[in-house]
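Q: how would this look folded up:
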Amino acid sequence: MSEKEKTTPSVEEEKNNEEQYSLNDDRRVKVLSPGTLVAKRFFRNRLAVTGLVILVLMFIFSFVGGLISPYKQDQKFYRTDAQTKDYAGVVFNDEFRYFVNDSDLYGAVAQGKTLLAVNGAQTSFVYDDVTYDIENPLENVYIVKVGGETVGIASKELVNSSTSNESFSFDFTYSALTATPGSTFDYDGATYTVDADKVIFDTNGQEVAYVSQYIVRAVMGDVFFSREFKNELLEAIEAGAESFVYSDDTAAEGEQVEYLISYDAQKNLYDIKQEIDTTVFDTYSSPSKQHWLGTDRNGMDMLTRLMYGGRISLIIGFIVVIIETVLGIILGGISGYFGGWVDNLIMRIVDIFYCIPSMPIIIIIGAAMDAANLPSLTRMMYLMLILGFLGWPGIARMVRGQILSLREQEFMTATEATGISVSRRIFKHLIPNVVPQLIVIMTMGLGDTIIMEATLSFLGLGVRFPFASWGNIINDVNNVFVLTHYWFIWIPAGVLLLATVLAFNIVGDGLRDAFDPKMKR
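A: Predicted coordinates for the structure are as follows:
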């Protein structure tokens, strides 16, 4: 075989080569597919792929994580804490208390003169031409008489009921204060006995009252202290103890309650605090095996709230962007295709919407929804509609600009010549050519919407309890103490919010570069 025959391909080989590299070859068509070219350009961009991976993880975390979480988004957890609360106050009475039998003769001025007379060791005083005689039957007890009739008593000791908070009549008080320990006195047809501790018993041996210089008052008006409790309390005070343990009606059966005693010298008051085990919300608990990111101020699992919060934030972002895009495509497409007065009218509407102060409007609407006390779900739906209705002008202007240039091209002349309807020209031939730009704007707009929702929720105008969003989770940082001491409340939500918005922006940039490769040149 000659050298020429060896180097020159045969006719059959040339035919096979032509078939191999034919433009009709399936592999060749696949390589030239615009969608495939865009995808390849996108996946060559490592930063864009990183953003896409982050978004996929966020969707899995929000939508799948909430399903596998053992807790619900509004499930509350509780713990038992030993809490102290004001329970009672005890005063040692070292000043005279006055009991009046005749208010006309023994008023405030006469009471003051009694104090002066007692301090001056006088047995009588004159006021308003009336002579008042003072008797001292017992220590710290002074009887004031006018013409032999008792008009009042000045005493540092008090008669306290052993069965209720009710006070006694003047006659019973007089008899109890003037009775000596171990004696008896008659009142209202009954005989009462006074023991050595000045405790008063009736004829059946039931304790009725006791005389003491200590005044024990409950913080709550409907609480009554038993005689046993008062005895334990006063013994602890006289012994200088800082606490004592007693089981009363406020405790469970057999449970001992500890009472703390502190003395306020300025008020001359013993402050009694009750220390009891109370079931409360497990608020701001630190991360643990049960709660990997701790709990919030309502005692709810933070990790579960973050999962459901991401779901709400992403759903709001997508729905708002869809509303914006639909309105923008319709109005922008009509404006760009028809032009003339239609374009002028729609663009003036767009200018009006650009001039609307969005934040004040949203604040006013949020206040109105608060006043109407709307349910949380209804409020969230209104929020999405408002954000979508206020955000379409930018998309409409972009669509209008693209269609203004596309409608003059040859393929649009062909659609007009073939008699295709106006609606099909706009939505079947013009709008699909704007889709690349729309995808980029929608992707980057999602991040802006999520930031807006988070801002509104932080201000209390967005998603409300029991629904969670990353914005209302971060709302807890309006408390400086939470900001500085409970990092697990707001840092995870802030990181998720930052990562999601950043990922949407990165993916948007990657799509823009993929649709328009000249951006990289």
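
Q: for this protein, what's the longest strand?
A: The single longest strand within the chain, with elements called by DSSP state E, is strand 78-92.

Q: what's in contact with whichever helix or strand comes after that strand?
A: Downstream of strand 78-92, the next assigned helix or strand under DSSP states H and E is strand 97-100. Residues from elsewhere that reach strand 97-100, judged by C-beta atoms under 8 Å, 6 or more residues apart in numbering: 106-107, 111, 114, 151-156, 158, 170, 173-174. All C-beta atoms are positioned from the backbone trio N, CA, C, and that covers glycine.

Q: out of those, who's nearest residue 69?
A: residue 158 (61.5 Å; C-beta to C-beta).

Q: residues contacting the closest one?
A: Neighbours of residue 158 in contact, by C-beta under 8 Å, 6+ apart: 93, 97, 211, 212, 213, 215.

Q: In TSV: these, plus distance to residue 383.
A: Below are the contacts of residue 158 laid out as TSV (distance: C-beta to C-beta, whole Å):
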residue	distance to residue 383
93	62
97	63
211	68
212	64
213	65
215	58
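
Q: What subset of those residues is buried?
A: 93, 211, 212 (16 or more other C-beta atoms under 10 Å).

Q: Relative to residue 391, which of the residues you listed is nearest.
A: For those, the nearest to residue 391 is residue 93 (72.4 Å; C-beta to C-beta).

Q: so the closest one makes contact with residue 155?
A: No - in this structure, residue 93 is not within contact of residue 155 by C-beta atoms under 8 Å, at 9.0 Å.

Q: Tell me which other helices or strands the helix or strand where residue 67 lies touches.
A: Using DSSP H and E, residue 67 sits in helix 65-68. For helix 65-68, the elements it packs on are helix 302-338, judged by 3 or more C-beta pairs under 8 Å, 6 or more residues apart in numbering; DSSP states H and E.

Q: if we can go back for a sec, other SSEs contacting the longest strand of the chain?
A: Looks like strand 78-92 contacts strand 214-218, helix 227-238, strand 269-281 (3+ C-beta pairs under 8 Å, 6+ apart).

Q: would a markdown table of these with distance to residue 59 and mean pLDDT be doable?
A: A markdown table is the format used below for those (distance: least, C-beta to C-beta, whole Å; pLDDT from 0 to 100):
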| stretch | distance to residue 59 | mean pLDDT |
| --- | --- | --- |
| strand 214-218 | 58 | 83 |
| helix 227-238 | 62 | 83 |
| strand 269-281 | 31 | 83 |
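
Q: what's the angle from the longest strand of the chain to strand 269-281?
A: 170 degrees (axes from the mean of the first three to the mean of the last three C-alpha atoms, to 10 degrees).

Q: In its sheet, which strands sit next to strand 78-92, and in what direction?
A: Here strand 78-92 has these sheet partners by DSSP bridges: strand 214-218 (antiparallel), strand 269-281 (antiparallel).

Q: In the stretch 301-450 of the chain, mark out all the helices, start to finish.
A: Using DSSP state H, counting those that start in this stretch, the helices of the stretch 301-450 of the chain run over 302-338, 340-355, 358-372, 376-391, 393-406, 410-417, 422-424, 435-458.

Q: Would you format those as JSON lines with mean pLDDT, distance to residue 194 and mean neighbour count included?
A: As requested, the helices of the stretch 301-450 of the chain are arranged in JSON lines below (pLDDT from 0 to 100; distance: least, C-beta to C-beta, whole Å; neighbours: other C-beta atoms under 10 Å):
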{"stretch": "helix 302-338", "mean pLDDT": "90", "distance to residue 194": "64", "mean neighbour count": "22"}
{"stretch": "helix 340-355", "mean pLDDT": "90", "distance to residue 194": "89", "mean neighbour count": "13"}
{"stretch": "helix 358-372", "mean pLDDT": "83", "distance to residue 194": "64", "mean neighbour count": "13"}
{"stretch": "helix 376-391", "mean pLDDT": "87", "distance to residue 194": "66", "mean neighbour count": "17"}
{"stretch": "helix 393-406", "mean pLDDT": "87", "distance to residue 194": "91", "mean neighbour count": "20"}
{"stretch": "helix 410-417", "mean pLDDT": "76", "distance to residue 194": "114", "mean neighbour count": "12"}
{"stretch": "helix 422-424", "mean pLDDT": "78", "distance to residue 194": "105", "mean neighbour count": "11"}
{"stretch": "helix 435-458", "mean pLDDT": "83", "distance to residue 194": "69", "mean neighbour count": "21"}
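
Q: thinking again about what came up before, okay, and which of the contacts of strand 97-100 map to helices?
A: Within these, residues falling in helices by DSSP state H are 111, 114, 170, 173, 174.

Q: what's the closest of those to residue 235?
A: Nearest member of those to residue 235, counting by C-beta to C-beta, is residue 173, at 25.2 Å.

Q: what sits against that closest one?
A: 99, 153, 159.

Q: Pick the one among those closest to residue 228.
A: residue 159 (18.6 Å).

Q: what bridges to the closest one?
A: residue 211.

Q: That one against residue 172, yeah?
A: Yes - counting by C-beta under 8 Å, residue 159 touches residue 172, with 7.3 Å between them.

Q: okay, the two: which has more neighbours?
A: residue 159 (21 against 18; other C-beta atoms under 10 Å).

Q: Now residue 221: phi and psi?
A: Dihedral angles of residue 221 (phi, psi; degrees, to the nearest 10) stand at phi -70, psi -20.

Q: er, residue 213 actually
A: phi -90, psi -10.

Q: Got the confidence number for it?
A: As predicted, residue 213 sits at a pLDDT of 86.

Q: pretty sure it is touching residue 156, no?
A: Yes - look at residue 213 against residue 156 with C-beta under 8 Å: they come within range, at 5.7 Å.

Q: joint contacts of these two?
A: If you check residue 213 and residue 156 against C-beta under 8 Å, 6+ apart, the residues they both contact are 93, 94, 140.

Q: my guess is the last one meets residue 153, correct?
A: No - under the criterion of C-beta under 8 Å, residue 140 is not in contact with residue 153, lying 11.0 Å apart.

Q: out of those two, which sits in the more crowded spot?
A: Taking neighbours as other C-beta under 10 Å, residue 140 and residue 153 compare with residue 153 leading, 22 against 14.
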